[in-house]
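K.L.:
after the sequence you'll find the predicted model.
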Amino acid sequence: MHQCTKLTATAGVTVACTLRPAGIRRTPTSTPSRGVQLYSTAGARPKAWPLWDAIKVIVPLIAIAVVVANLLGLWATAAQIKARADRKAFADWSKARQEEDDKLEQEKKEREKHFQELFKF
């Protein structure tokens, strides 16, 4: 095809076979004399979806939105709330236990040090 034909046949083309830098976009100064297909050069035309096809797409999208909202913490079930409270209670207990163990270990070291000072050989 000639460049002139390309420029008048479409609404915008990329000019590649000229002395201009590659990738320059040009639009024609006149519109084609024949009707122009706006959606696809392969012959596809927009059409309304049947109800069942729309449902098959919308329902999974809603399910994904619900799961994402749950993962982000925007809502939770009673079991999730209870499990979170149990995990927090265990973490608090574990932290308190660790602090108590650290305190007892420190006291043990102090007793050993004091014992060694009393009974130096």
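P.N.:
Structure's in. What do you need?
K.L.:
counting contacts, what elements does the longest helix along the chain pack onto?
P.N.:
In the chain, with assignment by DSSP state H, the single longest helix is helix 78-118. Contacts defined by 3 or more Cβ pairs under 8 Å, 6 or more residues apart in numbering; DSSP states H and E place helix 78-118 against no helix or strand at all. In this view, the C-beta of every residue, glycine as well, is placed from N, C-alpha and C.
K.L.:
low-confidence regions, the chain specifically.
P.N.:
Scanning the chain for pLDDT under 70 picks out 1-46, 121.
K.L.:
break it into its domains for me.
P.N.:
Split into domains by automatic domain parsing, the chain comes to 1-30, 51-118.
K.L.:
can you tell me the SS state at G73?
P.N.:
Following DSSP: H, G, I helix; E, B strand; the rest coil, we place G73 in the coil state.
K.L.:
need phi/psi at it.
P.N.:
With angles defined as degrees, to the nearest 10, G73 sits at phi 80, psi 20.
K.L.:
burial check on it, number of neighbours?
P.N.:
Counted with other Cβ atoms under 10 Å, the neighbours of G73 add up to 9.
K.L.:
and the gap between it and I62?
P.N.:
When distance is defined by Cβ to Cβ, to the nearest Å, G73 is 19 Å away from I62.
K.L.:
can you get me a residue count around A65?
P.N.:
Neighbour count of A65, defined by other Cβ under 10 Å: 10.
K.L.:
and it, what is it in contact with?
P.N.:
Listed by Cβ atoms under 8 Å, 6 or more residues apart in numbering, A65 has no contact partners.
K.L.:
what secondary structure does it sit in?
P.N.:
helix.
K.L.:
if I look at it, how far off is T77?
P.N.:
Distance, A65 to T77, by Cβ to Cβ: 16 Å.
K.L.:
what does F119 give?
P.N.:
F119 sits 62 Å away from T77, taking Cβ to Cβ as the criterion.
K.L.:
buried residues in the host helix or strand of I55?
P.N.:
According to DSSP states H and E, I55 maps onto helix 51-71. Residues of helix 51-71 include none that count as buried (16 or more other Cβ atoms under 10 Å).
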